[in-house]
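[1] quick check, what structure comes out for this input:
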Amino acid sequence: QVQLVESGGGLVQPGGSLRLSCAASGFTFSMFAMSWYRQAPGKERELVAEIMSAGGFRNYADSIKGRFTISRDNAKNTVYLQMNSLKPEDTAVYYCNTRMYARDYWGQGTQVTVSS
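    Predicted coordinates for the structure are as follows:
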């Protein structure tokens, strides 16, 4: 079955960096686009970044452009989110996502807290 397991979250000071990882299994990873979403308390889940199957095309939310970078390693079945210059408003649970045949699959999420 499809499994997405996020890691790398934690507490970081404003201006700091974190690298999230999402290990995928149960499907042919290299064939599908992957995305990162986040959900802050009291807010709806929002798309942060997405990367196509071959990694050539990437799309970012305006709020994180220039600070976050999505990448993937198809040999390791892993997608990454490098987050730099973190702000308190980046605090959220971050989720890994893929969509296959009109169905969404989600990881369990990893908490990112940006606070001094």
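[2] which stretches in this protein count as strands?
    Per DSSP state E, the chain carries strands over the ranges 3-7, 10-12, 18-25, 34-39, 46-51, 58-60, 68-73, 78-83, 92-100, 103-106, 110-114.
[3] for those strands, give me TSV that also has mean pLDDT.
    Output for the strands of the chain, formatted as TSV (pLDDT from 0 to 100):
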stretch	mean pLDDT
strand 3-7	98
strand 10-12	98
strand 18-25	98
strand 34-39	98
strand 46-51	98
strand 58-60	95
strand 68-73	97
strand 78-83	98
strand 92-100	97
strand 103-106	96
strand 110-114	98
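[4] around E46, how many other residues sit close by?
    When neighbours are defined as other Cβ atoms under 10 Å, E46 has 12 of them. The way it works is simple: take the backbone N, C-alpha and C, and place the C-beta from them, glycine included.
[5] again with the one 10 residues further on
    A count of neighbours around G56, defined by other Cβ under 10 Å, yields 7.
[6] over to the one 4 residues further on?
    Residues contacting Y60 under the criterion other Cβ under 10 Å number 18.
[7] give the contact list for the residue nearest the centre of the chain.
    Centroid check for the chain by Cα atoms, centre = their mean gives W36 as the closest residue, at 2.9 Å. Listed by Cβ atoms under 8 Å, 6 or more residues apart in numbering, the contact partners of W36 are 20, 22, 47-50, 70, 79, 81, 94-97.
[8] swap the cut-off to 6 Å and go again
    Residues counted as contacts of W36 (Cβ atoms under 6 Å, 6 or more residues apart in numbering) are 48-49, 81.
[9] what does C96 give?
    Taking Cβ under 6 Å, 6+ apart, we find C96 in contact with 4, 6, 22, 107.
[10] beta partners of it?
    Counting by DSSP bridges, C96 is bridged to W36.
[11] distance check, the closest residue to G109 other than its chain neighbours against M31.
    If the residues on either side of it in the chain are set aside, G109 comes closest to V93, at 4.2 Å by Cβ to Cβ, 6 or more residues apart in numbering. Counting by Cβ to Cβ, to the nearest Å, the separation of V93 from M31 is 27 Å.
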